[in-house]
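**Student:** Sequence plus the predicted model coming up.
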Amino acid sequence: MWTLIICLALLPVLTTSLDNGVMRVPPMGWLAWERFRCETDCVRNPHTCISERLFMEMADRLVKDGWSHAGYKYVNIDDCWTEKKRNATTGRLVPDLKRFPNGIKPLADYIHSLGLKLGIYADLGNFTCGGYPGTTLDQIQLDAQTFAEWGVDMVKLDGCYSTPEERAIGYPKMSKALNKTGRVIAYSCSWPAYDGGLPPKVNYTLLGEICNLWRNYGDIQDSWDSVLNIVNWWGKYQDILIPAAGPGHWNDPDMLIVGDFSLSEGESRAQLAMWAILAAPLFMSNDLRRIGRTARALLQHPGPININQDPLGIQGRLFFSTASLDVWKRQLKGGRYAIAVLNKGTGGTPKKVELSLSSLNITTAQFYVITDVYEDKPLGLYKPNASFHFSVNPSDVLLLLVEPLS
């Protein structure tokens, strides 16, 4: 009880600590975890182990293959990058000497030379989720300063092996510590995911004051079921989540798994469309050296990216739902809207759908132009009360852009 009282007493001092001015639109980049996990055997798996080589090669691909031009700017290290123990003299985290022989600072310099940004992983607790040295409460300032000296641009703070009381102190404390370094460092918090993602255990007002983005829910897996579980959770609790999101502070439904092993082409379209509607961070976790042409073209498609990056930063809303069909709406700048019609079914025939803009409460203008985003094809000019018809394949999506006729 005394520990809890102390934690809560500290919060008012720390809640206004985030003032870094970054991520005014959802961040975009590449993250190692889902595709490469904690692979550390560089003898047997030199091309897929967590190493400076991996991150340099991914950075190269981001630039050479058009990813950075499309908006993907971050190269993010996840767990399993350190030695098993901190430096005995300085107490600092030490990158694995075999897998990162040059250290993190030269890696950051290389990534910066390409016009990209480097993200790194830490964990609030004695150990990371993978069993590497964590960041305890008394090590937060030291680790923040270390990351700043290395030239890190983003820190993800995970929550394995932490208690609720430690999280209540540690996450605000890291925010303050990062700002204190004098370097602009974006801050990703896993705090709400460890406390169920919902009030009263999760204070989204506080999160928006101390974090740039936060994980709310369990880790994504490389499966359509995992994508649907996340989308369904976002829809169920949208009245809590939508007010929390906005420029500089985003709900994070986790990585894009497009280009990995499990999703079909339609499911890949659906994940990207839903992440665009949700104003979600777009962090791919795939192998950019081997990604197929279809997945590459999809992830670089300017249509869903432009929706995702809309400067209003308003998270989309589930407008209505059946057992197998969702209709989502997101308000965009200039009186525009994005509509996603998601077929959650996994078999059978395409779903035939009839909609009108008035049924979606889009009625301000006299006429609207509706465009199929993925096909980049205008579907016509419609009055708000006019019906339009279409079909959506199983495990697929129709992503529409609705623009008032000026």
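**Tutor:** That came in fine, so what should we check first?

**Student:** dump the residue contacts of the residue most central in space within the chain.
**Tutor:** Centroid check for the chain by C-alpha atoms, centre = their mean gives Pro281 as the closest residue, at 3.3 Å. Pro281 sits next to Pro26, Pro27, Met28, Leu213, Trp250, Asp252 when contact means C-beta atoms under 8 Å, 6 or more residues apart in numbering. Just so you know, the C-beta spots here come from the backbone N, C-alpha and C atoms, and that holds for glycine as well.

**Student:** Take those residues and keep only those in strands.
**Tutor:** Using DSSP state E, the subset of the contacts of Pro281 located in strands is Met28, Leu213, Trp250, Asp252.

**Student:** Can you add neighbour count and pLDDT and give the residues you listed back as JSON lines?
**Tutor:** Listed next are the ones in strands among the contacts of Pro281 as JSON lines, based on neighbours: other C-beta atoms under 10 Å; pLDDT from 0 to 100:
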{"residue": "Met28", "neighbour count": "21", "pLDDT": "99"}
{"residue": "Leu213", "neighbour count": "23", "pLDDT": "99"}
{"residue": "Trp250", "neighbour count": "25", "pLDDT": "99"}
{"residue": "Asp252", "neighbour count": "26", "pLDDT": "99"}
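
**Student:** ok, so of these, who is nearest Asn286?
**Tutor:** Distance to Asn286 across the ones in strands among the contacts of Pro281 (C-beta to C-beta) is lowest for Met28, with 13.7 Å.

**Student:** And for the helix or strand hosting Leu54, what's in contact with it?
**Tutor:** Leu54 is part of helix 52-64 when elements are defined by DSSP states H and E. For helix 52-64, the external contacting residues (C-beta under 8 Å, 6+ apart) are 29-30, 32, 36, 46-48, 67-68, 72-73, 75, 77, 99-102, 107, 110-111, 114-116, 118, 288-289.

**Student:** What about those, which are in helices?
**Tutor:** Using DSSP state H, the members of the contacts of helix 52-64 that fall within helices are Phe36, Trp67, Ser68, Leu107, Tyr110, Ile111.

**Student:** List just the nearest of these to Ser356.
**Tutor:** Within the ones in helices among the contacts of helix 52-64, the smallest distance to Ser356 is 38.2 Å, found for Trp67 (C-beta to C-beta).

**Student:** Which pLDDT value belongs to the closest one?
**Tutor:** pLDDT recorded at Trp67 is 99.

**Student:** thought it was touching Arg289?
**Tutor:** No. Using C-beta atoms under 8 Å as the test, Trp67 is too far from Arg289 to be in contact (11.9 Å).

**Student:** Tell me the buried residues within the contacts of helix 52-64.
**Tutor:** 29-30, 32, 36, 48, 67-68, 72-73, 75, 77, 99-100, 107, 110-111, 114, 116, 118, 288 (16 or more other C-beta atoms under 10 Å).

**Student:** Strands along the stretch 101-250 of the chain, start to end?
**Tutor:** Along the stretch 101-250 of the chain, the stretches classed as strands by DSSP state E, counting those that start in this stretch are 117-123, 154-158, 186-189, 213-215, 250-252.

**Student:** Max pairwise distance over the ones in helices among the contacts of helix 52-64: which two?
**Tutor:** Spatially, the most separated pair among the ones in helices among the contacts of helix 52-64 is Phe36 and Ser68, at 20.1 Å (C-beta to C-beta).

**Student:** all strands for the stretch 301-406 of the chain, in order.
**Tutor:** So, for the stretch 301-406 of the chain - with DSSP E, counting those that start in this stretch - the strands run 317-321, 325-331, 337-343, 351-356, 368-372, 377-382, 387-392, 396-404.

**Student:** quick one, the third one and strand 351-356 angle?
**Tutor:** Spelled out, it's strand 337-343. Strand 337-343 runs at 150 degrees relative to strand 351-356, counting by axes from the mean of the first three to the mean of the last three C-alpha atoms, to 10 degrees.

**Student:** before we move on, what about the last one?
**Tutor:** Strand 396-404 runs at 10 degrees relative to strand 351-356, counting by the same axes, to 10 degrees.
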